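Colleague: How does the following fold in three dimensions:
(chains A, B, C and D)
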2 protein chains.
Amino acid sequence: MAKPRHSRLDCTPGCAVEAAISLIDGKWKAVILYHLQEGPVRFNELRRRSGSVTQRMLTNQLRELETDGLIEREVFAQVPPRVEYRLSERGRTLSPIIEALKAWGDANMDLFARRWTARA
Amino acid sequence: MAKPRHSRLDCTPGCAVEAAISLIDGKWKAVILYHLQEGPVRFNELRRRSGSVTQRMLTNQLRELETDGLIEREVFAQVPPRVEYRLSERGRTLSPIIEALKAWGDANMDLFARRWTARA
DNA sequence: AGATACGGTATCCTTTTCGACACTATGGGC
DNA sequence: GCCCATAGTGTCGAAAAGGATACCGTATCT
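Modeller: Sure, this is the predicted structure:
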């Protein structure tokens, strides 16, 4: 998020869940993190893999993930420019969540099929 | 979500992740699901446990979760009214995700402390 | 000379989210 | 007669998220 939608640390038990989800919400962050699981990926490669994300959105989301310390950005002094994104140490610890999301999504595709045909 | 922010089922590998996250995004759904893990909870009890959620938001989120088949709503014909929410069969399969979020959040509280003091 | 690829920015606009507040109906306690 | 609790609904408006489009500079390919 990089902009907290939460005001305090009065932390009821649900607070940790709220905090964690706030880092990967938005339409693209979880997907980006998923694509980075295997190793470093370049900007446009990420763009291609993530479907319909616009350049602006991808830039924004990557910046926020970087600010939150979940990914790292490496610029190679080349022409044409080459910028690689990779999971940070902390970002790697998110893997169980990303994997769980992937697994659940795969197992429940029927649900999305219904939702999308019914209302899209 | 209940309103798809996605257009198609052209499903690149990241699609499953995107689909799954779309069900629990927003500020409250994951927290609600977390509070329902232990068993049925009444409306106002959920409200109290979830911190600063307004009545309207809680109602909305519960309705969407119900529409998506993740929770069930049971109304008892009493006065004052009594309405209980519980995880559905499918909702229970989300537990690994919720637990992973909780665990990660607990393990990374330092990050949120920094974010919140820096910008809130 | 023109098109392409790279990794972005800047600007504008629409959609979605979310919070504040008021309002509902019922019955019980004071 | 009035306020309390329960579980909501309706309307309003601000703010945030997200999409469209145009633009940048460099270098290489044709």
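
Colleague: Helix or strand: which one has the residue lying farthest from the centre of chain A?
Modeller: Each residue of chain A has a distance to the centre, and by CA atoms, centre = their mean the biggest one is for A:Val79: 27.7 Å. Using DSSP states H and E, no element contains A:Val79; it sits outside every helix and strand.

Colleague: What are the buried residues along stretch A:90-102?
Modeller: The neighbour-count check on stretch A:90-102 (16 or more other CB atoms under 10 Å in any protein chain shown) flags A:Gly91, A:Leu94, A:Ile97, A:Ile98, A:Glu99, A:Ala100, A:Leu101, A:Lys102 as buried. Where you see a C-beta, it was placed from the backbone N, CA and C, and this is true even at glycine.

Colleague: outside of that stretch, which residues touch it?
Modeller: Contact partners of stretch A:90-102, identified using CB atoms under 8 Å, 6 or more residues apart in numbering or on different chains, comprise A:20, A:24, A:30, A:33-34, A:36-37, A:65, A:69-72, A:87, B:16-17, B:20-21, B:96-97, B:100-101, B:103-104, B:107-108, B:111.

Colleague: Which of these fall in helices?
Modeller: In helices, judged by DSSP state H, the following of these are found: A:20, A:24, A:30, A:33-34, A:65, B:16-17, B:20-21, B:96-97, B:100-101, B:103-104, B:107, B:111.

Colleague: circling back: narrow the contacts of stretch A:90-102 to just the buried residues.
Modeller: A:20, A:24, A:30, A:33-34, A:36, A:65, A:69-72, A:87, B:16-17, B:20-21, B:97, B:100-101, B:103-104, B:108, B:111.

Colleague: coming back round to it: as JSON lines, the buried residues of stretch A:90-102 with pLDDT would be great.
Modeller: Below are the buried residues of stretch A:90-102 laid out as JSON lines (pLDDT from 0 to 100):
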{"residue": "A:Gly91", "pLDDT": "95"}
{"residue": "A:Leu94", "pLDDT": "95"}
{"residue": "A:Ile97", "pLDDT": "95"}
{"residue": "A:Ile98", "pLDDT": "95"}
{"residue": "A:Glu99", "pLDDT": "94"}
{"residue": "A:Ala100", "pLDDT": "95"}
{"residue": "A:Leu101", "pLDDT": "94"}
{"residue": "A:Lys102", "pLDDT": "94"}
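
Colleague: Could you dump these into JSON lines with distance to DNA strand D added?
Modeller: Below are those laid out as JSON lines (distance: CB to the nearest atom of the strand, whole Å):
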{"residue": "A:Gly91", "distance to DNA strand D": "18"}
{"residue": "A:Leu94", "distance to DNA strand D": "18"}
{"residue": "A:Ile97", "distance to DNA strand D": "18"}
{"residue": "A:Ile98", "distance to DNA strand D": "17"}
{"residue": "A:Glu99", "distance to DNA strand D": "22"}
{"residue": "A:Ala100", "distance to DNA strand D": "20"}
{"residue": "A:Leu101", "distance to DNA strand D": "16"}
{"residue": "A:Lys102", "distance to DNA strand D": "19"}
